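curious how this folds, go ahead:
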Amino acid sequence: MTVLGNLEITPLPNKPLGASVTLPRGVTDPSKLSDEDFKTLQAALETYLVLVIPNQADLPPTSQYDLTVRFDPSCQGSYGHDEKLFHHKESVLAKDGKCIPNRTEVVMVGNGSFEAGHSPGMKAFELEHPSQSTFHKDVLTEEEKANGQTRFYRWHIDSALYGLSPPKVTTLLGIQVPKCDEKQKIIYEDNGEEFKLVKGATAFASGATAFKLLSPEDKEKALNTTVVYAPHPYIFIGKTKATSDGLTIVSEGKEIGLDKLPPWEESKVKKLPMVWTNPTTGEHHLQVHGCCVYQLINNKTREVTELEEARKEVHRLMRPAISPQHIYAHAWNKGDLAIFFNQGVWHSVTGEFQPHEKRLMHQCNVASGYDPVTKV
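Okay, the predicted model is just below:
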């Protein structure tokens, strides 16, 4: 346990990553921490990768935004995605959230119908919990869902991956969370392993662990690989379907042609290192958005691995890190504020919800002013 200025950081027991945070006495808004305590909080975030602060249900969207951007002074002041592209009718993200009118960097995600007045100027709205049933090529049967099965929906980092740099931090706040001790399970199709979790848990995997699990040869290769993402990647994959583990896309030729995408510029196409170096620990993190990858470039030979083989390769590299022993699945309570180091973890939605089940969360991430780098 780390204690400084009465801020307490406690690693989560028996979990591969994550820590809980107890705020100093008299502090209820984490955006107002002293500089000394905030420095401790940031170091803890980049060490434990996911921090959970309880009892924050009344945290205003403005405070959530202020806290999020405090982690990265270079923030460009806009949500991590271009809103018009985020809600483009062909985008796989189109139904994933709605912006709060007076603080558009904070997005409402969840499930169910909500009356007007949630925030000033907010009309009645509906949210839909993302499900494997609409995104995976091979979906769970009704019998499997009745038996409590779910899937990792899509492993990802929060990022537009076009034009804007990946946010350093994402904050996710549980406003209305169903009281539910219902357990579900994920069955790994490739080896039959089972991972039990609470319904609707958010799953996290460490990019540092993913890198450590690579062979020496693959580590060398990853350190010398650039990942090229498709222009407007979420529209590019809008008609495709994902693998059953949510790591990447099944190649069936269903991608939208580059000439049929909204106008794009080559200079805005994201070309990021496969490995990002943690500024606090110095560890290397394997950080890839496997669903949006377009090409891989060998930095030494300039050899290009094209789409289908690039997907197979990133799946091979990423798969070991989502084995059960490496996953932290956060079971939500009302008021939980999860802060995660978006440049060091991957995360995924889980859970199967019915339309009448209500769940409301506030998510905030803001594009960084610079791309992550590899320091060798």
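
send me stretch 322-333 as PDB with only the CA atoms.
The C-alpha trace of stretch 322-333 is given here as PDB (Å, rounded to 0.1, in the frame of the first residue of the first chain):
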ATOM      1  CA  ILE A 322      -6.100 -12.700 -22.800                       C
ATOM      2  CA  SER A 323      -5.800 -16.100 -21.100                       C
ATOM      3  CA  PRO A 324      -7.800 -16.200 -17.900                       C
ATOM      4  CA  GLN A 325      -4.900 -15.800 -15.500                       C
ATOM      5  CA  HIS A 326      -3.900 -12.500 -17.200                       C
ATOM      6  CA  ILE A 327      -7.300 -10.800 -17.200                       C
ATOM      7  CA  TYR A 328      -8.800  -8.400 -14.600                       C
ATOM      8  CA  ALA A 329     -12.600  -8.200 -15.100                       C
ATOM      9  CA  HIS A 330     -14.000  -5.200 -13.100                       C
ATOM     10  CA  ALA A 331     -17.400  -6.000 -11.600                       C
ATOM     11  CA  TRP A 332     -19.200  -2.700 -11.500                       C
ATOM     12  CA  ASN A 333     -20.800  -1.000  -8.500                       C
END
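
same question for it, mean pLDDT?
Mean pLDDT, stretch 322-333: 97.

got it, and stretch 265-280?
Stretch 265-280 comes out at a mean pLDDT of 97.

with stretch 131-151 instead?
Mean per-residue pLDDT for stretch 131-151: 95.

centre of the chain versus that stretch, how much separation?
When C-alpha coordinates are averaged (Cα atoms, centre = their mean, to the nearest Å), stretch 131-151 and its chain have centres 21 Å apart.

what of stretch 122-134?
17 Å.

that one: end-to-end distance?
28 Å (Cα to Cα, to the nearest Å).

pull the residues that contact the host helix or strand of residue 348.
Residue 348 belongs to strand 345-349 when elements are defined using DSSP states H and E. Applying Cβ atoms under 8 Å, 6 or more residues apart in numbering, the external contacts of strand 345-349 come out as 17, 49-50, 129-130, 152-157, 202-207, 210, 246, 287, 318, 321, 340. Any C-beta I mention is one placed from the backbone N, CA and C, and that applies to glycine too.

would you mark the buried spots in stretch 150-160?
Neighbour counts over stretch 150-160 (16 or more other Cβ atoms under 10 Å) mark 150-160 as buried.

need the strands for the stretch 101-250 of the chain, in chain order.
Ranges of strands within the stretch 101-250 of the chain are 103-114, 125-127, 169-176, 183-187, 194-198, 202-206, 225-229, based on DSSP state E, counting those that start in this stretch.

rank those by pLDDT, which is bottom?
That would be strand 125-127, which, of all the strands of the stretch 101-250 of the chain, carries the lowest mean pLDDT at a mean of 84.

so what secondary structure elements neighbour it?
The helices and strands touching strand 125-127, judged by 3 or more Cβ pairs under 8 Å, 6 or more residues apart in numbering; DSSP states H and E, are strand 103-114.

just checking, what packs against the strand it packs on?
helix 61-70, strand 98-100, strand 125-127, strand 359-365.

swap in 10 Å and give it another go.
helix 61-70, helix 83-86, strand 98-100, strand 125-127, strand 169-176, strand 359-365 (3 or more Cβ pairs under 10 Å, 6 or more residues apart in numbering; DSSP states H and E).

tell me the strands beside it, with direction?
Strand 103-114 pairs in its sheet with strand 98-100 (antiparallel), strand 125-127 (antiparallel), strand 359-365 (antiparallel), by DSSP bridges.

okay if I get the buried residues of stretch 150-160 as a markdown table plus distance to residue 283?
Formatted as a markdown table, the buried residues of stretch 150-160 follow (distance: Cβ to Cβ, whole Å):
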| residue | distance to residue 283 |
| --- | --- |
| 150 | 30 |
| 151 | 29 |
| 152 | 23 |
| 153 | 27 |
| 154 | 25 |
| 155 | 19 |
| 156 | 20 |
| 157 | 16 |
| 158 | 20 |
| 159 | 20 |
| 160 | 25 |
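
tell me the two of these that are most distant?
Farthest apart among the buried residues of stretch 150-160 by Cβ to Cβ are 150 and 160. That separation is 27.3 Å.

so where's the protein uncertain?
Applying pLDDT under 70 to the chain flags the ranges 1-5, 77-88, 94-96.

what are the ranges of the helices in it?
Per DSSP state H, the chain carries helices over the ranges 35-48, 61-70, 83-86, 132-135, 142-146, 207-212, 216-223, 233-236, 307-318.

could you list the buried residues of stretch 36-54?
Quick answer for stretch 36-54 (16+ other Cβ under 10 Å): 37-38, 40-53.

what's the separation between the residue lying closest to residue 165 once chain neighbours are set aside and residue 170?
Nearest residue to residue 165 in three dimensions, chain neighbours excluded: residue 368, at 4.3 Å (Cβ to Cβ, 6 or more residues apart in numbering). In this view, residue 368 and residue 170 are 12 Å apart by Cβ to Cβ, to the nearest Å.

name the residues contacting each of those two.
Common neighbours of residue 368 and residue 170 (criterion: Cβ atoms under 10 Å, 6 or more residues apart in numbering): 71, 80, 159, 342-343.

still on that earlier bit, tell me which of the helices and strands packed on strand 103-114 lies nearest to residue 295.
helix 83-86 (20.5 Å).

contacts only, for residue 331.
177, 180-181, 183, 197-202.

let's see it at 6 Å
The neighbours of residue 331, taking Cβ atoms under 6 Å, 6 or more residues apart in numbering as the test, are 198, 201.

check residue 174 too.
Contact analysis of residue 174 by Cβ under 6 Å, 6+ apart lists 332, 334, 336, 361.

could I get the residues you listed as CSV with distance to residue 22 and neighbour count?
Output for these, formatted as CSV (distance: Cβ to Cβ, whole Å; neighbours: other Cβ atoms under 10 Å):
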residue, distance to residue 22, neighbour count
332, 19, 22
334, 18, 16
336, 13, 22
361, 22, 22
